[in-house]
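Visitor: Below are the sequence and a predicted model; questions follow.
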Number of protein chains: 2
Amino acid sequence: MRIGELSARTGASRRSLRYYEEQGLLVSSRSPSGQRHYKDEHVQRVRLVQAFLAAGVSSGTLVEMVPCMAEPSEDRARQALEIMECERARLSEDIDGLVAARDALDHLIEDNRAYLTRSADGEV
Amino acid sequence: MRIGELSARTGASRRSLRYYEEQGLLVSSRSPSGQRHYKDEHVQRVRLVQAFLAAGVSSGTLVEMVPCMAEPSEDRARQALEIMECERARLSEDIDGLVAARDALDHLIEDNRAYLTRSADGEV
DNA sequence: CTAAATGCTCACATCGATGTCAGGGGCAAG
DNA sequence: CTTGCCCCTGACATCGATGTGAGCATTTAG
């Protein structure tokens, strides 16, 4: 498939797909005229990239984690593992932060509701 | 306290504190010479702002949520409530995304570990 | 009093993923 | 052949929170 279809299937803009490739997160075989061609497999790859980027993993970090699978070397694998675990810790921290924020928000919502209820009861 | 102390207590840079004020997220009383002065109370406020900003709530959205508590009006409260609930949904979505990413990462880590183990067992 | 530390404002820089526009091919159907 | 749609590269723009630096004022410690 060409870039338009991959874009449609993944929701990533063409621009983003080219960017992923530029960053080494995605490969494409080129037709003689230079057009990118992808296989079904790549749909999953793009989804993975999207998930990590959305999770705040930078493309630079991602490139150190994921592509090691393409050209496996023991050293690279060890280094990738270290980075992955580091990133995993960051993710967990972020999750905790978000959950805390949501709790705080729930608190504000509660307060607001209480205020409105009181107000509705005709209180000044 | 002046801005330096508030900064030290919250971990927010002086720059950020001025920015929060500029955005209407923080108030300060000014000394005759124009220096900002804060009360202990404000430490908590800053922490709240930090938590929400870190959670990806924009200062614009935040200003519609939080300061309604300062000048409570029924209409504002209702509108704020709507925004809060909307933002809560977004937060929950984000959390789900992060958790999914972490799961994917765990998968990659697992694969990597398996590879290293096989490698250590002397396999080609 | 003086020097050091702190504060003020204004303005420009940064980062990363993406949007967008321009100028130029490529390819299929009418 | 032409029309329409997709693709290419390259470059500049965007957003939001924060960093940074200049130039100047104020407060505090010695």
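Guide: Structure received. Just so it is clear, the structure is predicted and the values come from calculations on it, not from any experiment.
Visitor: Is the helix or strand containing A:Arg118 in proximity to DNA strand C?
Guide: Applying DSSP states H and E as the criterion places A:Arg118 in helix A:74-120. No. When contact is scored as CB under 7 Å from any atom of the strand, no part of helix A:74-120 falls within range of DNA strand C; the minimum is 12.5 Å. From N, CA and C alone the C-beta is placed, and that goes for glycine too.
Visitor: again with stretch A:44-62
Guide: Yes. In this structure, stretch A:44-62 sits against DNA strand C according to CB under 7 Å from any atom of the strand; the contacting residues are A:Gln50, A:Leu53, A:Ser58, A:Ser59, A:Gly60.
Visitor: Weed out the non-buried ones from these.
Guide: With neighbours counted using 16 or more other CB atoms under 10 Å in any protein chain shown, the residues of stretch A:44-62 next to DNA strand C contain these buried positions: A:Gln50, A:Leu53, A:Ser59.
Visitor: ok, back up a step: wait, does the helix holding A:Arg118 contact DNA strand D?
Guide: No. Looking at helix A:74-120 against DNA strand D by CB under 7 Å from any atom of the strand, there are no contacts, and the closest approach is 12.6 Å.
Visitor: Identify the residues contacting A:Ala12.
Guide: Residues in contact with A:Ala12 (CB atoms under 8 Å, 6 or more residues apart in numbering or on different chains) are A:Leu6, A:Tyr20, A:Val46, A:Val49, A:Gln50.
Visitor: returning to what we had before: ok, the buried ones among the residues of stretch A:44-62 next to DNA strand C vs B:Ala89, which is closest?
Guide: Each of these was scored against B:Ala89 by CB to CB, and A:Gln50 proved nearest at 20.1 Å.
Visitor: where does that closest one land on pLDDT?
Guide: Confidence at A:Gln50, expressed as pLDDT, is 96.
Visitor: for the one 3 residues further on, same thing?
Guide: Turning to A:Leu53, the model gives it a pLDDT of 96.
Visitor: surely it meets A:Thr61?
Guide: No. Counting by CB atoms under 8 Å, no contact exists between A:Leu53 and A:Thr61, whose distance comes to 10.1 Å.
Visitor: The helix holding A:Arg118 - contacts with which helices or strands?
Guide: With contacts defined as 3 or more CB pairs under 8 Å, 6 or more residues apart in numbering or on different chains; DSSP states H and E, the secondary structure elements packing on helix A:74-120 are helix A:59-65, helix B:40-54, helix B:74-120.
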